[in-house]
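J.: what's the 3D shape of this:
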Amino acid sequence: AIERKLGLDELANCYCKDRPRFTREFERAKQAGAKLYLLVENGTWENAYAGKYRSRMAPSALTASLLAWLARYDCQLLFCAPTTSGALIRDILYRELKERLERMPDGRCE
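T.: Next up is the predicted model:
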């Protein structure tokens, strides 16, 4: 599963106002055994630590939440430019499917 956010502003909102919903989505994916990717456009660790986003959420709280999510849900965090996100999503899904198919004894998904 790929959760795409338009930037650190939107991500901070998910950790503040929408945290219960955001948590439910990640819990549901974890229970289903889904591999999770969190794709954040226009974001960097440097901007997260520096508070370069629109939210009252403190940089220490945002980075702590991000790191907790990575550990708790075994998810991959990817930062990219908006112009790259479509290709990146396509390529992630392609590689995930290819890896799963190659692990199957008869080359088919179950």
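J.: Identify the residues contacting the residue sitting nearest the centre point of the chain.
T.: What sits nearest the mean C-alpha location of the chain, by CA atoms, centre = their mean, is L38, with 0.8 Å. Neighbouring residues of L38 by CB atoms under 8 Å, 6 or more residues apart in numbering: E3, K5, W69, L70, C75, Q76, L77, L78. Every residue, glycine included, has its C-beta placed from N, CA and C.
J.: try it again with 6 Å
T.: Contact analysis of L38 by CB atoms under 6 Å, 6 or more residues apart in numbering lists E3, C75, L77.
J.: Apart from its chain neighbours, what residue comes closest to the last one?
T.: Think L77. Nearest residue to L77, sequence neighbours excluded (CB to CB, 6 or more residues apart in numbering): L38, at 5.0 Å.
J.: quick one: that neighbour is in a strand?
T.: Yes: counting by DSSP: H, G, I helix; E, B strand; the rest coil, L38 is part of a strand.
J.: Need the pLDDT of it.
T.: L38 is assigned 95 on the pLDDT scale.
J.: so what's it bridging to?
T.: E3, L77 (DSSP bridges).
J.: which residues in the chain form helices?
T.: According to DSSP state H, the chain carries its helices in the segments 8-15, 19-31, 45-50, 59-72, 82-103.
J.: A32: neighbour count?
T.: A32 has 8 neighbours, counted by other CB atoms under 10 Å.
J.: Angles on the backbone of it, please.
T.: phi -80, psi 0 (degrees, to the nearest 10).
J.: Next one: it from E25, what distance?
T.: Separation of A32 from E25 (CB to CB, to the nearest Å): 11 Å.
J.: go on, A68?
T.: Look at A68 and E25: by CB to CB, they are 15 Å apart.
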